[in-house]
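no sequence for this one, just the structure:
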């Protein structure tokens, strides 16, 4: 098993007044040649957006974009005709494909919105753009990983054009779990949303992350009450 440890305070940081953000990988004005990606995982931004503020209409193409609100609600509009509010407890996905324009704003004028925005490189280029969001409240399970994303439209969670699977897990202190990779050659990127956890002998605290390769299975032990995001994804860029 090979690991890369990403301390929370080693991430890129920017404060734009209305937006306070931390970048796990090179993004915008933050550049680190050693932190360009982890396999097909290109962006993991940890954003806090002031009330009523957000990102005006802008383009994307050939990227799988996943948004997970952690606190608050996100207002979305795009040129495909979608208008939606993505609430805490939802997951949003947008396959930018051949090109899409969208805007994202904090739905509430007086509350801070906190979210993860995640970009994965797709395994197909110039697909027809698409948008989807689902509630994951009903599939959440205590002390167990539950799937929120996969490559299969008929599987649990949203789906994307990539051989990737995302899971969330909410654990009480002392609880254990394990995860077996679904595809040989894939790797894992695990972010601690809150609390503390031990991943196969590696201690992680809030917003720490670990990249793992050359492994088939990992063990999870909650050393405190914790919440984690586990992403299985291809390591090879196509």
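Noted; the coordinates are in hand. This one's a predicted model, so the numbers in the text were calculated from it and none came from an experiment.

so where does the spatially most central residue of the chain fall, helix or strand?
Of all residues in the chain, the one closest to the mean position by Cα atoms, centre = their mean is residue 118, 4.4 Å from it. Secondary structure from DSSP states H and E places residue 118 in strand 113-120.

got a list of contacts for that strand?
If you take Cβ atoms under 8 Å, 6 or more residues apart in numbering as the criterion, strand 113-120 is touched by 40-49, 51, 63-74, 106-107, 160, 162, 164, 191, 229, 231, 233. C-beta: built from backbone N, CA, C; applies to glycine.

again, only using 6 Å
Residues from elsewhere that reach strand 113-120 (Cβ atoms under 6 Å, 6 or more residues apart in numbering): 40-45, 47-49, 63-72, 106, 162.

mind listing what residue 226 touches?
171, 195-197.

let's go with 10 Å and repeat that
Contacts for residue 226 (Cβ atoms under 10 Å, 6 or more residues apart in numbering) come out as 169-173, 175, 192-198, 204-206, 220.

quick one, which of those are buried?
169-171, 175, 192-193, 195-197, 204, 220 (16 or more other Cβ atoms under 10 Å).

mind checking which of these are in strands?
Taking DSSP state E, the ones among the buried ones among the contacts of residue 226 that sit in strands are 169-171, 192-193, 197, 204, 220.

would CSV of those residues with pLDDT and distance to residue 156 be doable?
CSV is the format used below for those (pLDDT from 0 to 100; distance: Cβ to Cβ, whole Å):
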residue, pLDDT, distance to residue 156
169, 98, 14
170, 97, 16
171, 98, 19
192, 98, 23
193, 98, 20
197, 98, 23
204, 98, 25
220, 98, 19
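
from those, which is closest to residue 129?
Proximity of these to residue 129 (Cβ to Cβ) peaks at residue 193, which lies at 28.8 Å.

the closest one and residue 10: what is the separation?
Applying Cβ to Cβ, to the nearest Å, the value for residue 193 to residue 10 is 17 Å.

same check, this time on residue 116
For residue 116, the distance to residue 10 - Cβ to Cβ - is 17 Å.

between those two, who's got more neighbours?
Remark: of residue 116 and residue 10, residue 116 carries more neighbours, 19 against 14, as counted by other Cβ atoms under 10 Å.

what are the phi and psi values for residue 200?
Main-chain dihedrals, residue 200, degrees, to the nearest 10: phi 50, psi 50.

quick one, what contacts it?
By Cβ under 10 Å, 6+ apart, the contact set of residue 200 is 1, 3, 178-179, 188, 210, 212, 215, 217-221.
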